[in-house]
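**Student:** Everything below, folded, please.
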Amino acid sequence: MHIKQIIISGFRSFRTQDEIEPFRNGSGKSNFFDAIQFVLLAPRFASLRQEERQHLLHEGAGQNVMSAFVELIFDNSDGRIAVDGDEIVLRRTVGLKKDEFFLNRRRVRKGEVESLLESAGFSKSNPYYIVEQGKVNALCLMKDTERLNLLKEVAGTKVYEERREESNRIILETTEKREKIEEVISYIEERLDELEGEKEELKAYQQLDRDRRAIEYTIYDHDLRSAREELALLEAEVLEQNEENDSLYDKVYEVEEKLRDIEQNMQRLQERLRDKEDTQVPLRAELDAAMQHQEALDLEVSDLRERIETQAQEETSNSKLLEGLQAEEQQQRQELETNIEPTYVALKDEADELTSSLQTAKRRANALYQKQGRSAQYATAAERDEALGQQIEALRGELDERSQHLSHLESATEKTTTEQQELDATIQTLEAKNAEMTGTVKDLKARIREKTIERNEAAERRKENWRAIDSLEQQLRETRTSLEQSERELSGLLPRNVSQGLARLQEIVKAEGVPGVFGPIIDNIQLKDDTFRTAVEVAAKAQLFHVIVDTDETAAVLMERLEQEKSGRLTFLPLNRLRPRAPEYPDSPDVRPLIQVALDYPPRVEKAMQEVFGKKILARNMDVANEFSAKSNMDAITLDGDEVRQCNQCGRSDERQALQLPSS
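**Tutor:** This next block holds a predicted model:
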């Protein structure tokens with residue numbers, strides 16, 4: 001058997017060196033032979049502490065080496081090593097926190113390697129299978145006694161000397177133990193002599209004791225028979241009383257069952273009533289808004305009708321006023337035609353006559369002036385002049401009266417014309433107002449029709465809302481039935497203590513309003529897609545039913561309550577105690593963080609989700625999962641539920657116990 005090949009990586013001065021070149025001074029001869037002793041478990045490399053392992057790692061320029069290994073390939077054609085095969089590969093790998101052995105690429109324990117090397121002749125008690133530098137020179141310079149001791153070590157006789165010394169030591173210890181045993185035996189013999197005397201006393205005591213027990217038995221037997229007779233009487237009474245109690249208990253149990261059924265029915269009805277009230281609140285709000293809108297429309301319609309009636313009354317009064325004005329105008333026209341106009345015509349004719357008379361008088365006066373020479377009619381000229389002057393004055397007075405009467409008639413005519421014009425203007429104004437009122441009435445009638453249509457539409461919407469309420473109530477009943485069925489199925493999949501604990505926790509939170517309870521993890525997550533269901537179930541496992549609370553005080557109160565009532569056991573996740581580290585996810589398209597790609601959850605439970613799903617990655621397949629689980633020190637899961645944990649263990653989900661996770 002001999003070493004065929006040595007492979008060293010990261011060990012002391014050898015960073016990555018597969019082939020060994022000829023040695024020169026400073027080329028690492030000592031490190032090379034240390035590497036061989038390192039694999040063969042030399043005494044100084046057998047048990048290494050963390051600092052010693054760190055000193056073995058390469059510390060040259062460049063990136064730090066995190067692990068090192070030395071691999072020896074033996075020619076085992078002579079079968080010296082008890083392993084099948086002509087070639088044996090033995091590797092030892094060390095890091096800051098690991099020290100591993102591999103035999104033919106398979107991990108083995110350190111004890112197995114030690115046994116294998118012992119069987120091949122690499123004994124810890126004889127470390128001279130490697131001759132180190134300076135050993136030959138030291139052998140030549142040794143004293144005879146030292147050389148003799150060395151030869152004994154090489155030949156293996158020193159082991160027998162050590163065993164002889166160990167045997168002598170054991171003989172001495174055995175002799176001491178034998179002397180102690182002899183002392184104990186002598187003490188026991190003395191004690192036996194004392195016990196022989198006590199034995200006679202014990203026999204007399206036992207005889208007296210038997211007599212005493214016989215007398216006591218007789219007394220006890222008499223008392224027992226008396227007690228049994230009394231007990232028989234009491235048992236008869238107890239049986240009668242028990243029968244009565246059983247009948248009463250049956251009645252009480254029936255009443256309690258009925259009460260529980262009634263309470264459960266009341267609770268279900270109250271829950272349904274609360275759910276219906278919660279569901280009907282927005283619909284009632286819409287219905288109230290619609291009814292208020294309808295009432296507003298009704299009020300507006302009534303206002304419009306009142307306005308139409310008022311306008312109709314005003315129109316009627318205006319029509320009556322218009323008729324009165326038209327009648328008055330007709331009357332004035334008739335009066336004008338009947339009285340004023342004939343008078344005006346007569347006065348005008350009379351004025352014309354007076355004018356002609358005046359002209360005639362003027363002509364006569366001129367004729368009289370022409371006849372001044374005629375004085376036959378008057379006695380004197382003075383009489384004549386006076387008579388003519390009187391006639392002239394009389395004619396002028398009559399002319400003035402006729403002129404005043406004519407002016408009065410003209411002013412009356414102008415006043416009548418003005419009044420006629422005012423009446424015409426009033427008639428035009430009333431006709432325009434009447435036309436305006438007619439248009440307003442038409443507009444109001446159109447608005448009434450529009451408001452009536454809106455009221456009908458509001459009534460139809462109210463009917464639709466009622467139908468929607470009925471539909472929502474039906475959906476609510478179906479959803480509640482489905483939820484109860486799902487809860488029953490989920491309870492059947494869970495352990496009994498967890499199922500009881502969750503049920504009791506919901507009752508406590510609902511009845512007492514305990515703050516800070518966010519429920520189990522399964523109630524706080526939503527799947528972004530149903531394809532992630534298996535991966536999430538495998539990643540979380542039983543942690544899906546761990547309950548999230550705000551503080552450890554809340555968790556302690558609930559745990560004490562459940563323990564007192566013996567209502568199951570739960571695991572709580574207090575958010576104030578969770579300190580999840582932010583993981584560094586691999587930057588690769590083949591893996592993604594499970595918590596980011598698969599789950600939606602409230603921000604308030606971020607710590608709990610990071611605690612459960614933070615170190616879980618979703619891999620494309622098993623090869624990728626194996627690769628990145630080792631690199632990132634995280635659990636890798638595929639969509640099919642295959643899992644590679646940090647410790648390189650593989651697993652697969654059990655589809656028979658799949659849990660119903662909520663989808664978004």
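**Student:** Give the other helices and strands that the top helix by length along the chain contacts.
**Tutor:** Ranked by number of residues, the top helix in the chain under DSSP state H is helix 157-335. Contact here means 3 or more CB pairs under 8 Å, 6 or more residues apart in numbering; DSSP states H and E; on that basis helix 157-335 packs against helix 144-155, helix 381-493. Using the backbone N, CA and C atoms, a C-beta is placed for each residue, glycine as well.
**Student:** Same list, those helices, but as a markdown table with mean neighbour count please.
**Tutor:** Output for the helices and strands packed on helix 157-335, formatted as a markdown table (neighbours: other CB atoms under 10 Å):
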| stretch | mean neighbour count |
| --- | --- |
| helix 144-155 | 12 |
| helix 381-493 | 13 |
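**Student:** Now tabulate those helices in CSV and tack on distance to Leu172.
**Tutor:** Listed next are those as CSV, based on distance: least, CB to CB, whole Å:
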stretch, distance to Leu172
helix 144-155, 24
helix 381-493, 69
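**Student:** Could I get the phi/psi values of Gly85?
**Tutor:** For Gly85, the backbone dihedrals are phi 120, psi 150 (criterion: degrees, to the nearest 10).
**Student:** And for it, nearest residue in space, chain neighbours not counted?
**Tutor:** Excluding the flanking residues, the one nearest Gly85 by CB to CB, 6 or more residues apart in numbering is Asn76, at 6.4 Å.
**Student:** If you count neighbours, what's buried in stretch 210-224?
**Tutor:** Judged by neighbour count (16 or more other CB atoms under 10 Å), stretch 210-224 contains no buried residues.
**Student:** shaky segments in the stretch 401-550 of the chain?
**Tutor:** By pLDDT under 70, the low-scoring segments of the stretch 401-550 of the chain are 482-494.
**Student:** Surely Thr534 and Glu643 touch.
**Tutor:** No. With contacts counted by CB atoms under 8 Å, Thr534 stays clear of Glu643, the gap being 10.3 Å.
**Student:** what about the two, which has more around it?
**Tutor:** Counted by other CB atoms under 10 Å, Thr534 and Glu643 do not tie: Glu643 has more neighbours, with 23 against 20.
**Student:** From Cys140, how far out is that one?
**Tutor:** 64 Å (CB to CB, to the nearest Å).
**Student:** contacting residues around Lys348?
**Tutor:** Applying CB atoms under 8 Å, 6 or more residues apart in numbering, we find Lys348 in contact with 406, 409.
**Student:** which SS class is it?
**Tutor:** For Lys348, the secondary-structure state derived from DSSP: H, G, I helix; E, B strand; the rest coil is helix.
**Student:** And the pLDDT for it?
**Tutor:** Turning to Lys348, the model gives it a pLDDT of 73.
**Student:** So what's the residue count around Val549?
**Tutor:** 24.
**Student:** need the contact list for the nearest residue to it once chain neighbours are set aside.
**Tutor:** Leaving aside its sequence neighbours, Val549 sits nearest to Ala555 (CB to CB, 6+ apart; 4.9 Å). Taking CB under 8 Å, 6+ apart, we find Ala555 in contact with 547, 549, 572, 574.
**Student:** Then Ala555 would be within a helix, right?
**Tutor:** Yes. If the criterion is three-state DSSP, then Ala555 is within a helix.
**Student:** how close does it sit to Leu148?
**Tutor:** According to CB to CB, Ala555 and Leu148 sit 74 Å apart.
**Student:** now Leu476
**Tutor:** Distance, Leu476 to Leu148, by CB to CB: 101 Å.
**Student:** got it, and Gln421?
**Tutor:** 167 Å.
**Student:** Ok, Gly568 next?
**Tutor:** Where Leu148 is concerned, Gly568 sits at a distance of 77 Å (CB to CB).
**Student:** Likewise for Leu573?
**Tutor:** Look at Leu573 and Leu148: by CB to CB, they are 72 Å apart.
**Student:** so how many other residues sit close to Leu639?
**Tutor:** The local packing count at Leu639 equals 15, with neighbours defined by other CB under 10 Å.
**Student:** Identify the residues contacting it.
**Tutor:** Residues in contact with Leu639 (CB under 8 Å, 6+ apart) are 531-532, 534-535, 618.
**Student:** Glu460 too?
**Tutor:** Listed by CB under 8 Å, 6+ apart, Glu460 has no contact partners.
**Student:** Tell me if I am right that Gln5 is in a strand.
**Tutor:** Yes. Under three-state DSSP, Gln5 sits within a strand.
**Student:** need the contact list for it.
**Tutor:** 72-73.
**Student:** Now do it against Ile73, distance only.
**Tutor:** Computed as CB to CB, the Gln5 to Ile73 distance reads 4 Å.
**Student:** Kindly report the same for Thr316.
**Tutor:** Applying CB to CB, the value for Thr316 to Ile73 is 127 Å.
**Student:** higher neighbour count, the two?
**Tutor:** Remark: of Thr316 and Ile73, Ile73 carries more neighbours, 15 against 10, as counted by other CB under 10 Å.
**Student:** tell me how far the helix or strand containing that one is from the chain's mean position?
**Tutor:** Here Ile73 is covered by strand 67-75, with elements defined by DSSP states H and E. Centre-to-centre, strand 67-75 and its host chain are 55 Å apart (CA atoms, centre = their mean, to the nearest Å).
**Student:** now do stretch 607-624
**Tutor:** Between the centre of stretch 607-624 and the centre of its host chain there is 20 Å, according to CA atoms, centre = their mean.
**Student:** one step back: between the helices and strands packed on helix 157-335, which gets nearest to Asn265?
**Tutor:** Relative to Asn265, the nearest member of the helices and strands packed on helix 157-335 by CB to CB is helix 381-493, separated by 14.6 Å.
**Student:** what angle sits between that closest one and helix 157-335?
**Tutor:** Between the axes of helix 381-493 and helix 157-335, defined by axes from the mean of the first three to the mean of the last three CA atoms, to 10 degrees, the angle is 160 degrees.
**Student:** Test for you: state the pLDDT assigned to the residue nearest to Asn576 when sequence neighbours are not counted.
**Tutor:** Nearest non-adjacent residue to Asn576, counting by CB to CB, 6+ apart: Thr551, 4.8 Å away. Reading off the confidence values, Thr551 has pLDDT 91.
**Student:** Neighbours of Thr551, how many?
**Tutor:** Using other CB under 10 Å, Thr551 has 13 other residues around it.
**Student:** got it, and Phe11?
**Tutor:** Residues within reach of Phe11, counting by other CB under 10 Å, total 24.
**Student:** Check Asn633 too.
**Tutor:** Residue crowding around Asn633 was assessed by other CB under 10 Å; the count is 11.
**Student:** Quick check: it vs Arg645, distance?
**Tutor:** When CB to CB is applied, the distance between Asn633 and Arg645 equals 10 Å.
**Student:** Please apply the same query to Ile522.
**Tutor:** Counting by CB to CB - Ile522 and Arg645 are separated by 22 Å.
**Student:** With Leu325 instead?
**Tutor:** In terms of CB to CB, Leu325 sits 109 Å off from Arg645.
**Student:** for Ala540, same thing?
**Tutor:** Taking CB to CB, one finds Ala540 at 14 Å from Arg645.
**Student:** Keeping just the C-alphas, turn stretch 137-153 into CSV.
**Tutor:** Output of stretch 137-153 as CSV, limited to C-alpha atoms (Å, rounded to 0.1, in the frame of the first residue of the first chain):
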residue,chain,number,x,y,z
ASN,A,137,20.2,13.0,12.8
ALA,A,138,18.6,12.9,16.2
LEU,A,139,18.6,9.1,16.2
CYS,A,140,22.4,9.1,15.5
LEU,A,141,23.1,11.5,18.3
MET,A,142,20.9,9.7,20.9
LYS,A,143,22.2,8.0,24.0
ASP,A,144,21.8,4.3,24.3
THR,A,145,19.0,4.5,26.8
GLU,A,146,17.1,6.9,24.6
ARG,A,147,17.8,4.8,21.5
LEU,A,148,16.5,1.7,23.4
ASN,A,149,13.3,3.5,24.4
LEU,A,150,12.9,4.6,20.8
LEU,A,151,13.3,1.0,19.5
LYS,A,152,10.8,-0.2,22.1
GLU,A,153,8.3,2.4,20.8
